[in-house]
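Q: sequence and predicted model, in that order:
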2 protein chains.
Amino acid sequence: MLALSLWMRNLESCRFTATMGSELTETETSSDEVAPTLSAVAKRAGVSSITVSRVVRLPDLVAPETRARVEKAMRELGYVPNLVAGALASAKTNSVGVLVPTIANSIFADTVQGLSDKLEPLGYSVILAQSRYDAAREDRMLAALLSRRPEAIIMVGSPATEDGKRLLRHARIPIVETWELPIDPIDAVAGFDNYEAGAAVARHFIAQGRQHLAFIGGDDPRGTRRWLGFQDHALACGLHQPRRLILERNASGSVAAHANLPGVDAVFAANDAHAIGFMAGLRKAGLLRDGPAAAQPVAVVGLGDLEMGRLISPSLSTISVHGDAIGRTAATLTLERGGQRRIDLGFELVLRDSG
Amino acid sequence: MLALSLWMRNLESCRFTATMGSELTETETSSDEVAPTLSAVAKRAGVSSITVSRVVRLPDLVAPETRARVEKAMRELGYVPNLVAGALASAKTNSVGVLVPTIANSIFADTVQGLSDKLEPLGYSVILAQSRYDAAREDRMLAALLSRRPEAIIMVGSPATEDGKRLLRHARIPIVETWELPIDPIDAVAGFDNYEAGAAVARHFIAQGRQHLAFIGGDDPRGTRRWLGFQDHALACGLHQPRRLILERNASGSVAAHANLPGVDAVFAANDAHAIGFMAGLRKAGLLRDGPAAAQPVAVVGLGDLEMGRLISPSLSTISVHGDAIGRTAATLTLERGGQRRIDLGFELVLRDSG
DNA sequence: ATTGCGAATGACAGCGCTAACATATGGCGA
DNA sequence: TCGCCATATGTTAGCGCTGTCATTCGCAAT
């Protein structure tokens, strides 16, 4: 109470001293009705609310004894800062919006993990949204993210619509597009060249003497880029027109895929799950060997480098793409506005036994 | 301008009319410096800001012509509502905090997808945090989530520390613990009985005539519950003490695991990735058959029912756990405070060729 | 003695929005 | 004609913080 009255010296406003009484009572009955506020803590510690705010954000500016008193009050009241109010007052939300097509059973989860590992220790929160490969939902999610005023947006790919692009461009925050290298990026980019990845696989198949190539997977923008690189390179090398089989997103469909690809002797699957599903189909058809790639009647290469691909037999050849690094790099790009804004993380063709 | 002057009738405050001039200029030069606010839109549409607010949230309360005028102004200015301010004013953030141990390569991704599919269409945002199986980080993330004042918290498991539990209990919002059925839940639960899952696998192995059981996987709370059920049931049936091998979280370690389990003829892996890794090790050792479970020198059962388990050969027997349903159910539990607060989603022992 | 300065603390206004309560306006039945 | 209600819109007062200045106080430099 001594500290309190010392502090009261400075008060003039009747209104303020008047409400103080009632609020004190509230504090003393240890009301659990409402979450305690900064000023409740301030009152209890006998300081002004700005001092409590400093204890939370800039403790070095507060004298040790005062700080201790405030911290005690915070503990006693179970004070949890309200970042919503803080964000409004400071125009900083300390959050980033993350938009992925999907998070389940997907390699994008690595990217989300990577960026959140980088961002969370710095006090940023991740607001996650999924587009489910649906342009309309993507636009809605983008608008929803922006209305929470994130410090930056990280997304897999580029907005599917012009509306989405405009929304992001007008947001005046760092935007990072990932998993691609768009020609006209909105802002920053952390990805790799899907076209080149497709070409690299075609090159490999051709070097192996394969003749009849096929591509299986989705028709999303990245899958299509891979297909184009794959096809263009095959044609440029004088091969027959490669086949393309568009599959559902779940890998089960890929099991039956080889029935639709007669005569094909090399398959590039847009992701490892499809590749493994396809191999399951080959196995049933007696077209899979436990030997090395050269012994395979049908060569298979996936993309993503799932740990599982290493473990199965025959082990899966794949394009390894560092999803985690993409996430970390994207996080870095949101934090520093200057410097290199287009980072190609590359990929590696990892050759194992499947092709 | 007519609408504007009509509206000005109602103004008295000099200050307000004074600033109005400058703000109009700002609007007219189409300043992209600052994001337009509600009142900027209101000014342009010649209405009060509350009307704009209504157009956004309760359009039925606004006359069609007025609404059209406001919508036009919003479009022209590229208005994006500021949910941070809205949240502070209405004490509703329309967000839920989600805490998972990890999102990458993990079955929890299904749960996050499930809940976000349910929540996003309702206008809720998902704030995602990872504890990385670290109690201190979990507590920090919990505090960080709560300070954003989410409408609810959904987490995998229960808080590892008393501090964490207290934090959640004091938050006075729905809390959903998932993937377990804790004895003294904080609030709601959507999970399954990990102990019973372990027991079910042991029962199955015993029925199959297996004698020397082992458990491989992590020592997180859920893994340990599975182990206990597995062990207790084996002992109750008079088997030797089962072995337990604690592995790193990545599946690679499981490849070499069988070398440390001499004489073992049945293995329960805490997740499918470990199971598949373990099978890779068996294959190298010549202990894996492409035939049915009975033919396997070492039976293997996983947990999670990854799609991949169905595709590999021999196909993986597993405990299927409906991660997606857990997420959806958890979402439902955050929305309705009444009703059943403890939902057991169960599990299924799916028998295939591995064990 | 005066000035200046750094350290510690506080007052005040306002972030952009919404809840709660007015206030017009125009039928419409009594 | 007079309430009376429904519809459409507006005014006011914050939500719980933080930015931006004060202000106070001791103490060293002049």
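A: Thanks, I have it.

Q: so what's the nearest residue to residue A:174 once chain neighbours are set aside up against?
A: Nearest residue to residue A:174, sequence neighbours excluded (C-beta to C-beta, 6 or more residues apart in numbering or on different chains): residue A:152, at 4.1 Å. (Each C-beta comes from the backbone N, C-alpha and C, glycine too.) Counting by C-beta atoms under 8 Å, 6 or more residues apart in numbering or on different chains, residue A:152 makes contact with A:96-97, A:173-176, A:334.

Q: return stretch A:172-179 as CSV; C-alpha atoms alone will do.
A: Taking C-alpha atoms only, stretch A:172-179 is exported to CSV below (Å, rounded to 0.1, in the frame of the first residue of the first chain):
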residue,chain,number,x,y,z
ARG,A,172,3.3,-3.9,-49.0
ILE,A,173,4.8,-6.7,-47.0
PRO,A,174,7.5,-9.2,-48.0
ILE,A,175,6.0,-12.0,-50.1
VAL,A,176,8.0,-15.1,-50.7
GLU,A,177,7.0,-17.6,-53.4
THR,A,178,8.5,-21.0,-52.9
TRP,A,179,9.0,-24.3,-54.7
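
Q: pLDDT (mean, whole number) over it?
A: Stretch A:172-179 shows a mean pLDDT of 97.

Q: now stretch A:234-251
A: pLDDT averaged over stretch A:234-251 gives 91.

Q: contacts for that stretch next, please.
A: A:102, A:105, A:133, A:202-203, A:205-206, A:211-219, A:227, A:230-231, A:253-254, A:257, A:260-261, A:264, A:273-274, A:276-277, B:307-308, B:311.

Q: taking the stretch 151-300 of chain A, what residue is nearest to DNA strand D?
A: residue A:151 (13.4 Å; C-beta to the nearest atom of the strand).

Q: how about that residue: what's its closest non-neighbour residue?
A: Per C-beta to C-beta, 6+ apart, closest to residue A:151 is residue A:96, 5.6 Å.

Q: wait, is the one you found part of a strand?
A: Yes - counting by DSSP: H, G, I helix; E, B strand; the rest coil, residue A:96 is located in a strand.

Q: residues near it, how many?
A: Number of residues near residue A:96 (other C-beta atoms under 10 Å in any protein chain shown) recorded here: 26.

Q: residue B:128 versus that one, what's the distance?
A: 11 Å (C-beta to C-beta, to the nearest Å).

Q: list residues touching both of the two?
A: By C-beta under 8 Å, 6+ apart, the residues touching both residue A:96 and residue B:128 are A:126-127.

Q: tell me the SS of residue A:268?
A: Strictly by three-state DSSP, residue A:268 counts as strand.

Q: that one is in contact with residue A:201, isn't it?
A: Yes - contact status for residue A:268 versus residue A:201: in contact at 4.5 Å, counting by C-beta atoms under 8 Å.

Q: anything in contact with each of these two?
A: Common neighbours of residue A:268 and residue A:201 (C-beta under 8 Å, 6+ apart) are A:230, A:301.

Q: those two: who's more crowded?
A: The residue with more neighbours, out of residue A:268 and residue A:201, is residue A:268; 33 against 30, by other C-beta under 10 Å.

Q: per-residue pLDDT, residue A:22?
A: For residue A:22, the model assigns a pLDDT of 32.

Q: now do residue A:15
A: For residue A:15, pLDDT reads 27.

Q: extract the CA atoms of the helix or strand harbouring residue A:329 and return them as PDB.
A: Secondary structure assigned from DSSP states H and E places residue A:329 in helix A:323-335. The C-alpha coordinates for helix A:323-335 follow below in PDB (Å, rounded to 0.1, in the frame of the first residue of the first chain):
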ATOM      1  CA  GLY A 323      11.900 -28.700 -48.600                       C
ATOM      2  CA  ASP A 324      13.300 -27.800 -45.200                       C
ATOM      3  CA  ALA A 325      15.900 -25.500 -46.700                       C
ATOM      4  CA  ILE A 326      13.200 -23.800 -48.800                       C
ATOM      5  CA  GLY A 327      11.300 -23.100 -45.600                       C
ATOM      6  CA  ARG A 328      14.300 -21.700 -43.800                       C
ATOM      7  CA  THR A 329      15.400 -19.600 -46.700                       C
ATOM      8  CA  ALA A 330      11.900 -18.300 -47.100                       C
ATOM      9  CA  ALA A 331      11.900 -17.300 -43.500                       C
ATOM     10  CA  THR A 332      15.200 -15.500 -43.900                       C
ATOM     11  CA  LEU A 333      13.800 -13.700 -46.900                       C
ATOM     12  CA  THR A 334      10.900 -12.400 -44.900                       C
ATOM     13  CA  LEU A 335      13.200 -11.000 -42.300                       C
END
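
Q: just the residues contacting the helix or strand following that helix, thanks.
A: With elements assigned by DSSP H and E, the helix or strand that comes after helix A:323-335 is strand A:342-344. By C-beta under 8 Å, 6+ apart, the list of residues contacting strand A:342-344 from outside reads A:181, A:185, A:188-193, A:329, A:333.

Q: show me what strand A:342-344 pairs with in its sheet, parallel or antiparallel.
A: strand A:188-191 (parallel) (DSSP bridges).

Q: what's the next secondary structure element after the strand it pairs with?
A: That would be, after strand A:188-191 and using DSSP H and E, helix A:194-207.

Q: tell me what that next one is packed against?
A: In terms of contacts (3 or more C-beta pairs under 8 Å, 6 or more residues apart in numbering or on different chains; DSSP states H and E), helix A:194-207 is packed against strand A:213-217, helix A:221-236, strand A:266-269, strand A:299-303, strand A:317-320, strand A:348-350.

Q: averaged pLDDT, the helix holding residue A:329. What do you get?
A: 96.

Q: now swap in stretch A:135-144 and tell me
A: 97.

Q: find the nearest non-adjacent residue to the residue of the stretch 101-250 of chain A found nearest DNA strand D, please.
A: Here the stretch 101-250 of chain A gets closest to DNA strand D at one residue, residue A:123, 11.5 Å apart by C-beta to the nearest atom of the strand. Setting aside the residues directly before and after it, residue A:123 is nearest to residue A:94 in space (C-beta to C-beta, 6+ apart), at 5.4 Å.

Q: what's the answer for residue A:173, then?
A: According to C-beta to C-beta, 6+ apart, the nearest residue to residue A:173 is residue A:152 (5.3 Å).

Q: for the one you found, give the beta-bridge partners.
A: Note on residue A:152: beta-bridge partners by DSSP bridges are residue A:96.
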